[in-house]
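**Student:** any chance you can model this:
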Amino acid sequence: MSPFAERVLVLDAHLRHAVAIVRSLRKQGASVVSASAHRRFPAKYSRYRQETVLLGSDAGGTELLRIIEDHHIDVVIAAGLPGNELLCLHRQQLEPHVRAPFNDLETYQCLSNKDATGLLADSLGVRRPATRQARDPQDAVQLAEELCFPLVFKSPIDQGTVRYATDVEELRRLIASFIRDNPALIDRGAYPLVQEYIDGIGHGFYGLADHGQLQAYFMHRRLHEVPPTGGPSAMAMSYRDPKLLELGARFFSEASWHGVAMVEFKRRRLDGEYYLIEVNPKFWGSLDLSISAGVDFPFLLYKLLIGAPLDVIPGAYRDDAIFRWLTMDLAYAVSAHRLRGYVRSFADDRIAHDFDRTDMLPTAMLFASGISRMAAPMRKQMSWHRHRQRHDKPIVQTLAKRQRSAT
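**Tutor:** A predicted model of the protein is given here:
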């Protein structure tokens, strides 16, 4: 019988990396109940899944507590932002009944809000892109004068919302569209952000902390991103840099963060300096890579919560680990016109991927849904990439010229 017999409720189970969490916990003997507001989700069809629960889209502490009691849950782990926010919002109600990575709501809101995180970075002496709030479409001209094109446009809260603007009219359209489509955020004063573009490679620092004290960590460098100009990982590899460790650890310590989080940076090509992009106070989409490299964050978090010895040496992981997410990497290959490379990568046994032959249905579902969603979002996200191809003028040259003129 496994010594790890606690029953675990996994929230946000519809997310891609929730499959990795469920697989990790079940392989170690834990009993897993997956919960989501979606009726059909990949983890639901994993051979590792046991029970599933339909969670209301507006679920509160009372509904969650009922699920915990009805299913005899010992531990709650959230895969995404909504689940973590739910744990923070209802901490006082839930904490007497279940073990979970509870954090103060104010701390969570700071780390999940890009504007607030930027101010935290300033206080910690961490570089970040020059950033402005866009409160009105008519601000486009002034923003362009202050920051210079190309510009990065993003929501202050939601993930996967990065867009790029190369002229005033495009920036004005992005601002107007965001304000029109997100009235609730605007009412809260959560205006979209416009940033200078940092030409460089995306890097991530993943950590597990016990009230601010790092217990395990991992670093990665992105090889393929969607879109290629900057975005989520499509292929990434393990990485080490003492400077990245030092920068990433500052956020865990300052926030006294309990649980897992990812701190995302870009390393600028011109000078090798790291610039903060955002903090994700949750599990990350590239979770499979760290597990493949030897740092099983879901299981380590589970052991931390139940008080079991972690038996891990911080920073002990494979240096040569490469992982790709097949749907995302296909999107990268299409947008970057590298389909031959995508096919050739299957023959490279150094590159692991998320198609588990022993648990095929979840990945097949992710792949199918990714294909069906790919066309329209890729057309929107790749507008700047097409602009670069049309003008045959790499962004790095533009930025290098700007840097030389400034000095």
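**Student:** buried set for the strand or helix carrying residue 245?
**Tutor:** Here residue 245 sits within helix 242-255, counting by DSSP states H and E. For helix 242-255, burial by neighbour count (16 or more other Cβ atoms under 10 Å) applies to 244-245, 247-252, 254-255. C-beta coordinates here come from the backbone N, C-alpha and C atoms, glycine included.
**Student:** for it, name the packing helices and strands.
**Tutor:** helix 105-112, helix 114-124, strand 200-210, strand 213-225, strand 259-268, strand 274-280 (3 or more Cβ pairs under 8 Å, 6 or more residues apart in numbering; DSSP states H and E).
**Student:** output those in CSV, with distance to residue 329, mean neighbour count and mean pLDDT appended to each entry.
**Tutor:** As requested, the helices and strands packed on helix 242-255 are arranged in CSV below (distance: least, Cβ to Cβ, whole Å; neighbours: other Cβ atoms under 10 Å; pLDDT from 0 to 100):
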stretch, distance to residue 329, mean neighbour count, mean pLDDT
helix 105-112, 27, 18, 95
helix 114-124, 26, 17, 95
strand 200-210, 15, 22, 96
strand 213-225, 6, 21, 96
strand 259-268, 19, 24, 97
strand 274-280, 21, 23, 96
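**Student:** flag the shaky bits of the stretch 201-350 of the chain, pLDDT-wise.
**Tutor:** Along the stretch 201-350 of the chain, segments meeting pLDDT under 70 are nowhere present.
**Student:** at 90 instead, please
**Tutor:** For the stretch 201-350 of the chain, applying pLDDT under 90 flags the ranges 225-232, 326-328, 330-332, 334-337, 349.
**Student:** what are the phi and psi angles of the most centrally placed residue in the chain?
**Tutor:** Centroid-nearest residue in the chain, with Cα atoms, centre = their mean: residue 284, separated by 4.1 Å. Backbone torsions for residue 284, taken as degrees, to the nearest 10, come to phi -110, psi 160.
**Student:** please report how far it lies from residue 57.
**Tutor:** Distance from residue 284 to residue 57, counting by Cβ to Cβ, to the nearest Å: 23 Å.
**Student:** cool, residue 23 as well?
**Tutor:** When distance is defined by Cβ to Cβ, residue 23 is 26 Å away from residue 57.
**Student:** tell me which of those two has more neighbours.
**Tutor:** Legend: neighbour count by other Cβ atoms under 10 Å for residue 23 and residue 57, higher for residue 23 (23 against 9).
**Student:** is the more buried one in contact with residue 48, as I believe?
**Tutor:** Yes. Using Cβ atoms under 8 Å, residue 23 is in contact with residue 48, at 5.1 Å.
**Student:** just to revisit the earlier point, also compute the angle for the helix holding residue 245 relative to strand 213-225, please.
**Tutor:** Interaxial angle, helix 242-255 versus strand 213-225 (axes from the mean of the first three to the mean of the last three Cα atoms, to 10 degrees): 130 degrees.
**Student:** next one: helix 242-255 to chain centre, how far?
**Tutor:** Computed by Cα atoms, centre = their mean, to the nearest Å, the chain-centroid distance of helix 242-255 equals 17 Å.
**Student:** tabulate the CA atom coordinates of that helix in PDB.
**Tutor:** Output of helix 242-255 as PDB, limited to C-alpha atoms (Å, rounded to 0.1, in the frame of the first residue of the first chain):
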ATOM      1  CA  PRO A 242      22.900  31.900 -10.700                       C
ATOM      2  CA  LYS A 243      21.700  35.400 -11.600                       C
ATOM      3  CA  LEU A 244      18.300  34.000 -12.700                       C
ATOM      4  CA  LEU A 245      18.100  32.000  -9.500                       C
ATOM      5  CA  GLU A 246      18.800  35.100  -7.400                       C
ATOM      6  CA  LEU A 247      16.300  37.300  -9.300                       C
ATOM      7  CA  GLY A 248      13.500  34.700  -9.200                       C
ATOM      8  CA  ALA A 249      14.000  33.900  -5.500                       C
ATOM      9  CA  ARG A 250      13.500  37.500  -4.500                       C
ATOM     10  CA  PHE A 251       9.800  37.300  -5.400                       C
ATOM     11  CA  PHE A 252       9.200  34.100  -3.300                       C
ATOM     12  CA  SER A 253      11.000  35.600  -0.300                       C
ATOM     13  CA  GLU A 254       9.400  39.100  -0.500                       C
ATOM     14  CA  ALA A 255       5.900  37.700  -0.800                       C
END
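**Student:** can you pull the contacts of residue 312?
**Tutor:** Neighbouring residues of residue 312 by Cβ atoms under 8 Å, 6 or more residues apart in numbering: 215-216, 295, 300.
**Student:** all good on my end, thank you.
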